[in-house]
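>>> Attaching a predicted model along with its sequence, questions to come.
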Amino acid sequence: MDDTGPKERLIKTAIELFYKQGYDATSVNHIIEASSTHKASFYRYFKSKEELGEEYLKLQGSTFNEGWLYLMAKTDSPQSFINTWVNLLKRQVRGGNFFGCPVAKFMSSSEKPNDSHTKAKEILTRWIETLTIYFEENKKSGKLTKNFNSQKKAERFLKLFQGNSQFYIMTGDIKYFDEMKQEMLDELEI
């Protein structure tokens, strides 16, 4: 038996369903049923699906960023970081657990919480900052050249991730992650 409380089950279930099915395709009733909670519990913790959607964005943005920070700390170079990250993405694909960027998937829904664009921009800014800081640290240690434009490259990396993820979603061809890896490795060269 699941010993987590109803709020945690609702959040965990919403994260899974919003990510797999999308925000629009997931109703409050889907979340309640899949989380084995009651409607009263849902409304005790969340005023609406929109409020739960805002919580989803916050958590997914943080989880993604924390995952990067973990990989950055465990790898010894930007090249190793890229290789490890892409291998993890490909493992998600093979396991049937990759449905694109969780924030981009949420934002591509037609019905979104009112403040979702602001929150998505904040998440994107945080991701760019994380990569920029990482690149700057690697410049200082001599692993990247001094004229490496950390901010611009961070933005480029996110564009490569988003674009190649969408190509994979559209085609089901895992080769786009190999191409993303090579494109990112090429970006490290000046």
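Received the coordinates, thanks.
>>> Please parse this structure into its domains.
Here the domain parsing of the chain from automatic domain parsing is 1-46, 49-188.
>>> quick one: which of those has the weakest pLDDT on average?
Ranked by mean pLDDT, those end with domain 1-46 at the bottom, a mean of 91.
>>> now that domain: how far from the chain's centre is it?
Computed by C-alpha atoms, centre = their mean, to the nearest Å, the chain-centroid distance of domain 1-46 equals 20 Å.
>>> likewise stretch 75-83?
Relative to its parent chain, stretch 75-83 has a centroid offset of 19 Å by C-alpha atoms, centre = their mean.
>>> what comes up buried for that stretch?
Neighbour-count burial for stretch 75-83 flags Pro78, Phe81, Ile82, Asn83 (criterion: 16 or more other C-beta atoms under 10 Å). (C-beta placed from N, C-alpha, C; glycine too.)
>>> what's near enough to touch the closest residue to Thr37 other than its chain neighbours?
Spatially, and ignoring its direct neighbours in sequence, Thr37 is nearest to Pro6 (4.4 Å; C-beta to C-beta, 6 or more residues apart in numbering). The contact partners of Pro6, taken as C-beta atoms under 8 Å, 6 or more residues apart in numbering, are Ser35, Thr37, His38, Ser41, Arg44, Tyr45.
>>> No further queries at this time; thank you.
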